[in-house]
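Visitor: build the 3D model from these lines:
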Amino acid sequence: MSASDWIELSVAMLILIGTIFNFISAIGFIRLPDVYNRAHALAKSTTLGVLFALLGAFFFFLFLEGYFSIKLFLGIFFVFLTSPVSSHMICRSAYRAQVPLADISVRDDLEEPIKAPSRSI
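Guide: Numbers count the residues shown, from 1 in each chain. Sure, this is the predicted structure:
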């Protein structure tokens with residue numbers, strides 16, 4: 001096996017791992033009971049899935065085509081940066097809109113900080 005075959009195999013493995021993470025994310029979105037758990041499943045595993053798929057494409061173009069794709073590099077950076085933050089904001093706004101937790105939820109960590117009177121600086 002030549003070096004390019006090993007690179008193609010590793011690129012295919014990265015893209016396959018990304019596909020598996022995205023599939024697990026889709027299962028979590030269907031199976032989990034409320035918006036908070038679903039957002040957690042979508043934010044964590046989808047971010048990793050997209051990251052692995054884009055990383056595989058980035059390595060393919062970098063090592064096999066000899067082309068540094070700044071668009072793929074920026075895509076990796078912005079997905080890694082914005083996906084968890086946007087998921088956090090969606091969950092926070094759902095909590096402030098009083099979307100109920102699932103019945104099987106054990107504790108509510110935001111109950112005390114949200115209901116406490118805010119201090120002015």
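
Visitor: what bits of this structure have low per-residue confidence?
Guide: Applying pLDDT under 70 to the chain flags the ranges 117-121.

Visitor: centre-most residue in it?
Guide: By CA atoms, centre = their mean, the chain has its centre lying nearest to Thr47, at 2.2 Å.

Visitor: isn't that residue right up against Val85?
Guide: No: applying CB atoms under 8 Å, one finds Thr47 not in contact with Val85, separated by 10.5 Å. Quick note: C-beta positions are derived from backbone N, CA and C, even for glycine.

Visitor: go through whichever helix in the chain runs longest and flag the buried ones.
Guide: For the chain, the longest helix by residue count, based on DSSP state H, is helix 3-31. Using 16 or more other CB atoms under 10 Å as the test for burial, helix 3-31 gives Glu8, Val11, Leu14, Ile15, Ile17, Gly18, Phe21, Asn22, Ile24, Ser25, Gly28.

Visitor: starting at the chain centroid, how far to it?
Guide: Distance, stretch centre to chain centre, for helix 3-31: 14 Å (CA atoms, centre = their mean, to the nearest Å).

Visitor: packing partners of that helix?
Guide: helix 35-59 (3 or more CB pairs under 8 Å, 6 or more residues apart in numbering; DSSP states H and E).

Visitor: re earlier: contacting residues for the residue nearest to the centre of the chain?
Guide: Applying CB atoms under 8 Å, 6 or more residues apart in numbering, we find Thr47 in contact with Val79, Phe80, Ser83, Pro84.
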